[in-house]
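S.K.: Here is my input, please return the structure:
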Amino acid sequence: MSPITITLIVLAAMIALFIAEPFPIAVTAIGASIVLAYTGIIETKDIFSGYNSTTIVLLAGMMVIGSSLFHTGITDMIGEKMVKLTGKNERNIILVTLIVSCLLSSICSNIGVMTAMAPLVTAMCISAGFGPSKSLLALLFGAQFGGFVTLVGVGSNASAANAMADLGLTPFGFFSITPFGLGVCVLGTLYFTFIGSKLIPDTGYVPEFAKTEKKELNKTKATIAAVTMAAVLVVIAANFKAVPMHIAAVIGALVIVGTKCMTLQDAIKAIDWNCMILVGSLTAISTGVKNSGTGDAVAQIILNLLGEHPSTFMITTLIFFASAFLTQVMSNIPTILLFMPIGVSVAQQIGVSPYPIAMIITLAGAASYATPFAAPQNMMTVGWTQYKFIDFMKIGLPMLLITYLVVLLVTPIYMPY
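M.R.: As a prediction, the model looks like this:
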């Protein structure tokens, strides 16, 4: 049996188990990684390689900092004040969450934005008297929408620009992606607020970082927690090479514990270990898809389907959906790095500009909406909300179509072939 066949069987079985969920998602994901290792698709050392990553460290540090806002009493105060503005209306809170996360994620890491905003969003929902799961999923989608607005909005954008340079193209500038991103932000926000949020249930789950007794406001400790959070976000946004995001998060967590805003035991409890296990399990699955040649096979199918004289509509459609499909089961950066040389080659063969194709690959490769394991931040949100695989599909597949619509409409105007 070929590596591609084995990988597709494992993926199909994993997705079926995710949908039926006879076991926790983490058990299925790690089990699939073990099967991939013992069928020779990945090495045994790769099964748990995802846990030795800066993303895990970043999440742990930010969870501690975020939880400190609850422990010092500041989130209750902010939540109550925000609810006075939004009212006890879930749709208003979802809309505000989407807009703010869109804006922040256009210049900051989406994981950083999500871990910073999650405590405040949760506090708003608790103050308003309903569960935070829908609003936390809105936080995820808003952060993903915002990642399309500038070149630094998400790491895969910069990777796409680097891949273009390696292929001899002039990389996209800071705002090259903005017209597409604004379209995704506006339509995506309207979709999630008025349609998408009705497709999923309120799970009633409260994240680990918010599971603490209500604390009285301690002004001194609350100030330390708020300033620490702000300082860490500034460092993340500035993207200092000397102080990477995960180091900034750890320093922030050390400040929180060192100044006794939280005890060490409380800091350990604040880390959502279910979330960490889910995020760590993602890497092995992505590695298996890449190692097996599944991505290369998909790319070859595209070339065969396009033929010698494809229409621009056919190019846009096939390139977009192939990239978008693959990024639901493989990390977005490998997807983009795989498709970029293929896309440029296609452009050269049929005599069109490679830039719109490169943009389509950049956008589709980052459109990781439809599965829990499409991106680390998706897995993180599963840990916060307990949403199931089918919930992600219900709300994510229409969002893929909306992103495709934006690409289809904006490309001929802003970046024609």
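S.K.: Test my guess that Lys88 contacts Gly129.
M.R.: Yes - contact criterion CB atoms under 8 Å: Lys88 and Gly129 qualify, at 5.9 Å. The C-beta positions use only the backbone N, C-alpha and C, and glycine is treated the same way.
S.K.: Who has more neighbours out of the two?
M.R.: Lys88 (14 against 9; other CB atoms under 10 Å).
S.K.: mind checking how far that one is from His71?
M.R.: Distance of Lys88 to His71, given as CB to CB, to the nearest Å: 25 Å.
S.K.: Kindly report the same for Leu182.
M.R.: Distance from Leu182 to His71, by CB to CB: 38 Å.
S.K.: Compare neighbour counts for these two and give me the winner.
M.R.: Counted by other CB under 10 Å, Leu182 and His71 do not tie: His71 has more neighbours, with 24 against 17.
S.K.: Pop out the phi and psi values for the more buried one.
M.R.: phi -70, psi -30 (degrees, to the nearest 10).
S.K.: For it, list the residues it contacts.
M.R.: His71 sits next to 212, 215, 221, 225, 261-262, 266 when contact means CB atoms under 8 Å, 6 or more residues apart in numbering.
S.K.: distance of it from Lys388?
M.R.: 30 Å.
S.K.: which sections of this protein are below the confidence cut-off?
M.R.: Applying pLDDT under 70 to the chain flags residues 152, 213-214, 282, 295, 299, 308.
S.K.: Where is the longest helix in it?
M.R.: helix 389-414 (DSSP state H).
S.K.: what helices or strands is that helix leaning on?
M.R.: helix 3-20, helix 133-146, helix 178-194, helix 312-327, helix 354-365 (3 or more CB pairs under 8 Å, 6 or more residues apart in numbering; DSSP states H and E).
S.K.: let's go with 7 Å and repeat that
M.R.: In terms of contacts (3 or more CB pairs under 7 Å, 6 or more residues apart in numbering; DSSP states H and E), helix 389-414 is packed against helix 3-20, helix 178-194, helix 312-327, helix 354-365.
S.K.: in that helix, what counts as buried?
M.R.: 389, 391-393, 395-396, 398-400, 402-404, 406-407, 410-411 (16 or more other CB atoms under 10 Å).
S.K.: got the angle for that helix vs helix 312-327?
M.R.: 150 degrees (axes from the mean of the first three to the mean of the last three CA atoms, to 10 degrees).
S.K.: if I look at Pro207, how far off is Ile336?
M.R.: In this view, Pro207 and Ile336 are 31 Å apart by CB to CB.
S.K.: ditto for Ser135
M.R.: Distance of Ser135 to Ile336, computed by CB to CB: 30 Å.
S.K.: on that earlier part again, among the buried residues of helix 389-414, which one sits closest to Thr327?
M.R.: Leu400 (9.9 Å; CB to CB).
S.K.: residues in contact with that closest one?
M.R.: 324, 367, 369-370 (CB atoms under 7 Å, 6 or more residues apart in numbering).
S.K.: which residues does Val35 contact?
M.R.: Neighbouring residues of Val35 by CB under 7 Å, 6+ apart: Val10.
S.K.: Also the one 4 residues further on?
M.R.: Residues near Thr39 by CB under 7 Å, 6+ apart: Ile6.
S.K.: Please verify my assumption that Leu151 contacts Ala160.
M.R.: No - here Leu151 does not reach Ala160: they are 8.7 Å apart, not a contact under CB atoms under 7 Å.
S.K.: Quick check on those two: which one has the bigger neighbour count.
M.R.: Ala160 (28 against 20).
S.K.: Please name the nearest non-neighbouring residue to the more buried one.
M.R.: Among residues not flanking Ala160 along the chain, Thr362 sits closest, at 4.1 Å (CB to CB, 6 or more residues apart in numbering).
S.K.: Measure how buried Phe240 is and give me the count.
M.R.: Number of residues near Phe240 (other CB under 10 Å) recorded here: 13.
S.K.: I misspoke; the intended subject was Asp272.
M.R.: Using other CB under 10 Å, Asp272 has 21 neighbouring residues.
S.K.: so it touches Val64, yeah?
M.R.: No - Asp272 is beyond contact range of Val64, at 10.8 Å (criterion: CB under 7 Å).
S.K.: Just want the most central residue of the chain.
M.R.: Gln377 (3.8 Å; CA atoms, centre = their mean).
S.K.: For the helix or strand hosting that residue, name the packing helices and strands.
M.R.: Taking DSSP states H and E as the definition, Gln377 sits inside helix 376-385. Here helix 376-385 touches helix 110-128, helix 133-146, helix 273-292, going by 3+ CB pairs under 7 Å, 6+ apart.
S.K.: so the host helix or strand of Val35 versus helix 3-20, what angle?
M.R.: According to DSSP H and E, Val35 maps onto helix 25-38. Relative orientation of helix 25-38 and helix 3-20, computed by the same axes, to 10 degrees: 170 degrees.
S.K.: now helix 25-38 against helix 376-385, angle please.
M.R.: Going by the same axes, to 10 degrees, helix 25-38 makes 140 degrees with helix 376-385.
S.K.: Quick check: buried residues in helix 25-38?
M.R.: Quick answer for helix 25-38 (16+ other CB under 10 Å): 25-26, 28-33, 35-37.
S.K.: Just the CA atoms of it, as CSV, please.
M.R.: Provided in CSV are the C-alpha atoms of helix 25-38 (Å, rounded to 0.1, in the frame of the first residue of the first chain):
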residue,chain,number,x,y,z
ILE,A,25,-10.3,14.5,20.2
ALA,A,26,-6.9,14.4,21.8
VAL,A,27,-6.9,10.6,22.0
THR,A,28,-7.9,10.3,18.3
ALA,A,29,-5.3,12.8,17.2
ILE,A,30,-2.4,11.2,19.2
GLY,A,31,-3.6,7.7,18.1
ALA,A,32,-3.5,8.8,14.5
SER,A,33,0.0,10.1,15.0
ILE,A,34,1.1,6.8,16.4
VAL,A,35,-0.5,4.9,13.5
LEU,A,36,1.4,7.2,11.0
ALA,A,37,4.6,6.4,12.8
TYR,A,38,4.2,2.6,12.8
